[in-house]
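S.K.: Here's a sequence, model it:
(one chain, ligands or ions: 2)
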Amino acid sequence: MSGSSRKGKVDGFGVDVADGWLQVKLAAMSTVLAFDDAARLVPQLHEIYGNANDRRVVENPTRSSRMAQSAPASSNAGNNAFRDKEKPQAVRTANIVAARAVADAIRTSLGPRGMDKMIQTGKGETIITNDGNTMLPAMSVLHPAAKMLVDLANAQDIEAGDGTTSVVVIAGSLLGAAERLLAKGIHPTVISESFSRAAAQAVKTLHEISTPISITDRQTLLKAASTSLSSKIVAQEPKLAPMAVDSVLKIIDAKTADNVDLRNIRVLKKAGGVIDDSDMVDGLVLSQQVVKSGGGPTRIEKARIGLIQFQLSPPKPDMENQIVVNDYRQMDKILKEERAYLLNMVKKIKKAKCNVLLIQKSILRDAVNDLSLHFLAKLGILCIKDIERDEVEFICKSTGCKPVADVDSFTEDKLASADLIEEVSSMGARIVRVTGIKQQNVAKTVSIVVRGANPLILDEAARSLHDAHCVIRCLVKKKALIPGGGAPEMAVTHALSRLALSSPYPDNICFKAFAEALEVIPVTLAENAGLNSIRVVTELRSRHANGEHNVGVSIKRGGVGIMGSAESGGSDGGEGVMQPLLVTTSAIEQATETVKMILRIDDIALSR
Ligand SMILES: Nc1ncnc2c1ncn2[C@@H]1O[C@H](COP(=O)(O)OP(=O)(O)OP(=O)(O)O)[C@@H](O)[C@H]1O
Ligand SMILES: [Mg+2]
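M.R.: Ligands and ions are numbered 1, 2, ... in the order given. All right, here's what the predicted structure looks like:
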């Protein structure tokens, strides 16, 4: 390879590293994070590539002496193997720097005193959020290694639903630990293997400190839901945590359940009022309004509900066609036909004893016209149009009705029964409530109407509620709680540091580094709360060494405190800050997996 082509490649790589990949562009926030490390790396790359042409490698003295010891052949200047060791290292460092930048960007959002981020999307929408898995995908992260952390938050969201900020912060800290171990000359594969053993030990320790719970114990579930909500903007709302717990308890059989299908809980957002006006309805709530222009009923007792996917309006001709009628008799005939066509349909609907008609939205035809509305009103049928396609499944599941695609197959057995359907209005919004659903064999479903002053708060409230639902789901899946507030991470740190003392190389060094990396959670919680993090962590270390694994960062006391027991009432004087075991175990396991993956990359290649 000629000198100039090598140089070109260097420049190309250098430009990529400096301007593109190492700058995690948070374009959505109009922020570009630039890293000094990028500047530090580029001359290094130039040294490796540029000087290779004259077969002379510029190397720092400590490294060359180490290399000389470990691989005598490589001391030969210009040796390919020698150069090959530099590039993987540069790539690894670049990956670590980029990924850590992402973790640092969201670190300030962790915990009850964490801040929110305002994100402006490409479409001009604004999102205000504290949720890790909402922030990260919204930031247009460019570097492939940084993207792995975005995927990590998503993986945690799927597995546990909460802890999406923690998982990224932990991964960032573990990468920092790995970087220090690499600098000591430990091989990346050795580090990654040791880290997975450390993660397994961590999970074991977490199991040891966990308290088994019963799903029927509502008080305990409430604590977990409140802990999850405490870091959100809705933290002060007393209604949300009970609503989250009760809605999950309604859709499962608490004695036998081992999972929760959150699709059975429908969250409806309606602007107006405050979050405290949010309400849970045991039944179905529709955001569409009753069509009133025909003069039909708006409230029906003993409802027989039918859901149709055809329209009660005359068929339209093709877009391109036009029919010109210039004969009055012909016109009369068309009108009569239309009347007969619509009347026939409405009569068939009435014959099936239906008195509430839900019509699926269609882009091709109007759902109803004046004439059909008139007929529906005459026969006392309540009509709701514009049911979205993706709502159909939930409506069918919760009421037991079956969607009908053709009027000829509209029969009584496809209808659902309910005690009452009525349109209610509160705080400037109208909704339709269906209560007292009678059908047998229908899935238990719940609807929650979230109210809020503006769409930004509404969206964040709905996201927070989802986190709380996920926390309860975690507890149903794995019925155990651990204290929160950084206590589990400190307990793991203590256990792993002790284990490191009696472990052989490389576990002794790697376990210690892993343990210290986990301290990032209590440190960040304390920093975000404006506490002296060094003092807090030092006290936590000493109390955990005395066997108090229940002690964490207390926001209330402004220092260190007992986080609380799983028993209702917190008989140990704790604050009742409890979180599901699954959230923390999954965070540690998934963060370790991602760190291992990043460590094992030794080259980046572009594909067309
Ligand atoms: N009242 C509290 N006192 C101390 N620590 C708390 C309290 N409530 C929650 N925490 C801690 O805050 C951390 C969770 O913070 P946060 O909810 O902001 O992030 P996350 O759960 O990791 O991510 P996300 O909720 O965005 O998915 C946990 O470590 C939890 O133990
Ligand atoms: Mg949370």
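S.K.: so residue 481 is in which element?
M.R.: According to DSSP states H and E, residue 481 maps onto strand 480-483.
S.K.: And that strand, what does it pack against?
M.R.: helix 188-209, strand 211-212, helix 218-229, strand 578-580, helix 581-599 (3 or more C-beta pairs under 8 Å, 6 or more residues apart in numbering; DSSP states H and E). No exception for glycine: its C-beta is placed from N, CA and C like everyone else's.
S.K.: Could you rerun that using 7 Å?
M.R.: Contact partners of strand 480-483 among helices and strands, from 3 or more C-beta pairs under 7 Å, 6 or more residues apart in numbering; DSSP states H and E: strand 211-212, strand 578-580, helix 581-599.
S.K.: if I look at the residue of the stretch 351-500 of the chain found nearest ligand 2, how far off is ligand 1?
M.R.: Taking C-beta to the ion, ligand 2 has its nearest neighbour within the stretch 351-500 of the chain at residue 467, 5.4 Å off. Using C-beta to the nearest ligand atom, to the nearest Å, one gets 5 Å for the distance from residue 467 to ligand 1.
S.K.: Could you confirm that residue falls within a helix?
M.R.: Yes: if the criterion is DSSP: H, G, I helix; E, B strand; the rest coil, then residue 467 is within a helix.
S.K.: Looks like it contacts residue 160 (just checking).
M.R.: No: the criterion here is C-beta atoms under 7 Å, and residue 467 misses it with residue 160 at 9.7 Å.
S.K.: Name every sheet partner of the strand holding residue 481 and say whether each one runs parallel or antiparallel.
M.R.: Sheet pairing of strand 480-483 (DSSP bridges) gives strand 211-212 (antiparallel), strand 578-580 (antiparallel).
S.K.: And for that strand, what's in contact with it?
M.R.: 206, 209-213, 220, 224, 488, 550, 552, 563-564, 566, 577-581, 584 (C-beta atoms under 7 Å, 6 or more residues apart in numbering).
S.K.: rerun at 6 Å
M.R.: 209-213, 488, 550, 552, 563, 566, 578, 581 (C-beta atoms under 6 Å, 6 or more residues apart in numbering).
S.K.: Return stretch 327-338 as CSV; C-alpha atoms alone will do.
M.R.: Output in CSV follows, covering the C-alpha atoms of stretch 327-338 (Å, rounded to 0.1, in the frame of the first residue of the first chain):
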residue,chain,number,x,y,z
ASP,A,327,-84.2,13.4,-15.3
TYR,A,328,-86.3,14.0,-12.2
ARG,A,329,-87.8,10.6,-12.2
GLN,A,330,-84.4,9.0,-12.2
MET,A,331,-83.4,11.2,-9.4
ASP,A,332,-86.4,10.2,-7.4
LYS,A,333,-85.6,6.6,-8.0
ILE,A,334,-82.0,7.0,-6.8
LEU,A,335,-83.3,8.7,-3.6
LYS,A,336,-85.8,6.0,-3.0
GLU,A,337,-83.2,3.3,-3.6
GLU,A,338,-80.9,5.0,-1.1
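S.K.: So which bits of that stretch are buried?
M.R.: For stretch 327-338, burial by neighbour count (16 or more other C-beta atoms under 10 Å) applies to residue 338.
S.K.: what's the closest non-adjacent residue to residue 539?
M.R.: Using C-beta to C-beta, 6 or more residues apart in numbering and skipping the chain neighbours, the partner closest in space to residue 539 is residue 560 (4.7 Å).
S.K.: contact partners of the helix or strand hosting that neighbour?
M.R.: Element membership of residue 560 [criterion: DSSP H and E] is strand 559-562. If you take C-beta under 6 Å, 6+ apart as the criterion, strand 559-562 is touched by 536, 539-540, 550-551, 554, 573-574.
S.K.: Repeat that for stretch 343-359.
M.R.: So stretch 343-359 is contacted by 300, 303-308, 312, 367, 375-376, 379, 381-385, 387, 407, 410-412, 415, 421 (C-beta under 6 Å, 6+ apart).
S.K.: For the chain, which residues score under the pLDDT cut-off?
M.R.: Across the chain, the ranges flagged by pLDDT under 70 are 1-84, 318, 439-441, 565-573.
S.K.: same thing but at 80, please
M.R.: Along the chain, the model assigns pLDDT under 80 to residues 1-86, 254, 294, 315-323, 364-365, 426-428, 438-443, 564-574, 604, 608.
S.K.: For ligand 2, what's its nearest residue on it.
M.R.: Closest point on the chain to ligand 2, by C-beta to the ion, is residue 162, at 4.4 Å.
S.K.: Does that residue fall in a helix, a strand, or a coil region?
M.R.: Residue 162 ends up coil, using three-state DSSP.
S.K.: for it, phi and psi?
M.R.: phi -120, psi 170 (degrees, to the nearest 10).
S.K.: Quick check, it in contact with residue 473.
M.R.: No: shown here, residue 162 and residue 473 do not form a contact pair, counting by C-beta atoms under 6 Å, at 9.7 Å.
S.K.: Looking at the two now, which is surrounded by more residues?
M.R.: residue 162 (33 against 22; other C-beta atoms under 10 Å).
S.K.: so what's that one up against?
M.R.: 228, 467, 470-471, 583.
S.K.: need the residues of the stretch 151-300 of the chain near ligand 1, please.
M.R.: By C-beta under 6 Å from any ligand atom, the residues of the stretch 151-300 of the chain that approach ligand 1 are 162-166, 227, 230-231.
S.K.: Among these, find me the one that's closest to residue 144.
M.R.: Within these, proximity to residue 144 (C-beta to C-beta) peaks at residue 164, which comes in at 20.1 Å.
S.K.: what sits against that closest one?
M.R.: Here residue 164 is in contact with 132-133, 153, 156-157 (C-beta under 6 Å, 6+ apart).
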